[in-house]
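Asks: quick one, what's the 3D model for this:
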Amino acid sequence: MSQQFVRELIDIAQEPDWKRVNEFLLACGQVHDPQSFVAAILEYAVELAPFDQAAVFFFDANQNIYKQHMQNFPSGMTNTYLEHYAYQPDSGIWTAKQERREKPGVVDLSLIDWTSESGAFVNDYIRPLGICYSVTTVFYDLYGNYRTALSMDRLTKKPFTERELRNLYYAIPHLNNLHKNFFYEPASAQKHLGRFSTENSNLTKREAEIANLLCQGVSPANISKSLYISPATTYKHIANIYEKLGISSQRELLALMLNR
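Replies: I've put the predicted structure just below:
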């Protein structure tokens, strides 16, 4: 398989170009929503590691694509991916629905050499786009769920250099932390939304946490992944929540929260 973690391809004992990396991070830190954040990354990343085109997919809490951002992509090409590969379980690592979670201490940055790849996905999607190399990364939310996937592609057979990869490698963890801030709700916002807590309900801390995630539209399956508990435990907590609050559905739970 030609996909490799960048960590395996660079000498991390060598310093990146800190001046340019810091300028890159400062520029990206000036924006205040995920879409503008990605646009800033693509605008300034060209200075660190030049690329020809880029594709970004944004995911909701249940790992469904709800928006995309394409740069220099031929019109309509992403439909091939979305219609035939994004949600197919047999698409391997190309599928959008993956058992993928943030790993502490691991920089989620990969290099793919498409020139040595084959198969239906490559023939239907990669070859028509003329992609030779891709640098890919994933940004996560506060619960370790992937929420943004980004690919920067080269259309020539000139690989990304070690220096370019090193600069990105040192920038990505900081970008991921900035990205997580978009999913943080300050205490004032939580109070305004009437979030469940141990203080305003008879729920336990864990039950309140699960109730709030349900109100955000997170499925029980993804709650289990986010909180590292089994599906059976999650459904047991949900049953307790419904019993304590005198309700019988997620819709009633959301109505109760909105009326708090």
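
Asks: going forward, measure contacts between C-alpha atoms and count neighbours the same way
Replies: OK.

Asks: tell me which element Ile131 falls in.
Replies: Using DSSP states H and E, Ile131 is not contained in any helix or strand.

Asks: do you know the pLDDT at the residue nearest to it when sequence neighbours are not counted?
Replies: Among residues not flanking Ile131 along the chain, Leu155 sits closest, at 4.6 Å (CA to CA, 6 or more residues apart in numbering). For Leu155, the pLDDT comes out at 96.

Asks: my guess is Leu155 contacts Asp52, does it?
Replies: Yes: Leu155 lies in contact with Asp52 (CA atoms under 8 Å); the separation is 6.3 Å.

Asks: one step back: give me the number of residues near the residue nearest to Ile131?
Replies: 15 (other CA atoms under 10 Å).

Asks: show me the strands in the stretch 101-250 of the chain, by range?
Replies: 109-113, 133-140, 146-154 (DSSP state E, counting those that start in this stretch).

Asks: quick one: which of those strands is nearest Ala171?
Replies: Distance to Ala171, taken as CA to CA, is lowest for strand 109-113 among those, at 10.3 Å.

Asks: who does the closest one pair up with?
Replies: Under the criterion DSSP bridges, strand 109-113 sits next to strand 3-5 (antiparallel), strand 133-140 (antiparallel) in its sheet.

Asks: so it versus strand 146-154, what angle?
Replies: Angle between the axes of strand 109-113 and strand 146-154 is 40 degrees (criterion: axes from the mean of the first three to the mean of the last three CA atoms, to 10 degrees).

Asks: contacts for strand 109-113 next, please.
Replies: With CA atoms under 8 Å, 6 or more residues apart in numbering as the test, strand 109-113 has contacts from 2-7, 132-138, 169, 172.

Asks: mind running it again at 6 Å?
Replies: Ser2, Gln3, Gln4, Phe5, Val6, Tyr133, Ser134, Val135, Thr136, Thr137 (CA atoms under 6 Å, 6 or more residues apart in numbering).

Asks: brilliant, that's me finished.
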